[in-house]
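In: Only the shape, not the letters, is given here:
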């Protein structure tokens, strides 16, 4: 009888939590805005996971050891939003923001990491999205300016037209 009560309680708990899990999977995690082109694209976790996923193994200035970060290339996300990388402003959940010329980092294939060592990034682990550059593959990326570009808790990318266009 006691086992049956435990099973009922767990079943009831799962039934009650289901709407919250469904809501979380449909929640917007990333917004890409290119107002000059009239584009405002919103991405859920599921939408980001439909893009090709890549791994970057690297040690970051904020970690003691190398980890494997997984997610889509930033360029693929921008292409799926139908915007060209020009001047990007990356904005975090805590309103930290940084602007950069996408062409300066495009050759390094930065990813929008959704996972670290196979586990989904959470707010506690600097997620759910963290822009990662492969520092171990390109020593020149181990500079303060590039550290500033690796925004964690990333929620918005605003795209401005390239100067001269």
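Out: That came through fine. Every value quoted in this text rests on a predicted model; they were computed, and no experiment measured them.

In: give me every residue that touches the residue nearest to residue 51 when sequence neighbours are not counted.
Out: Distances taken as CB to CB, 6 or more residues apart in numbering put residue 72 closest to residue 51, at 3.8 Å, once the chain neighbours are dropped. To be clear about C-beta, it is placed using only N, CA and C from the backbone, and glycine gets the same treatment. By CB atoms under 8 Å, 6 or more residues apart in numbering, residue 72 lies in contact with 48, 51-54, 111-112, 114.

In: Equivalent analysis for residue 121, please.
Out: Taking CB under 8 Å, 6+ apart, we find residue 121 in contact with 113-115, 127-130.

In: Name the nearest of those residues relative to residue 147.
Out: residue 130 (12.4 Å; CB to CB).

In: Counting neighbours, what do you get for the closest one?
Out: 23 (other CB atoms under 10 Å).

In: Would you agree it is in contact with residue 69?
Out: Yes - using CB atoms under 8 Å as the test, residue 130 is close enough to residue 69 to be in contact (7.1 Å).

In: shared neighbours of those two, anything?
Out: 113, 116.

In: Show me where this structure dips below the pLDDT cut-off.
Out: Along the chain, the parts satisfying pLDDT under 70 run over 1-25, 162-165.

In: which one is the residue nearest the centre of it nearest to, not counting chain neighbours?
Out: For the chain, the residue nearest the mean C-alpha position is residue 129 (2.5 Å; CA atoms, centre = their mean). Distances taken as CB to CB, 6+ apart put residue 154 closest to residue 129, at 4.3 Å, once the chain neighbours are dropped.

In: ok, now which ones touch the one you found?
Out: Residue 154 touches 30, 90-93, 112, 129-131, counting by CB under 8 Å, 6+ apart.
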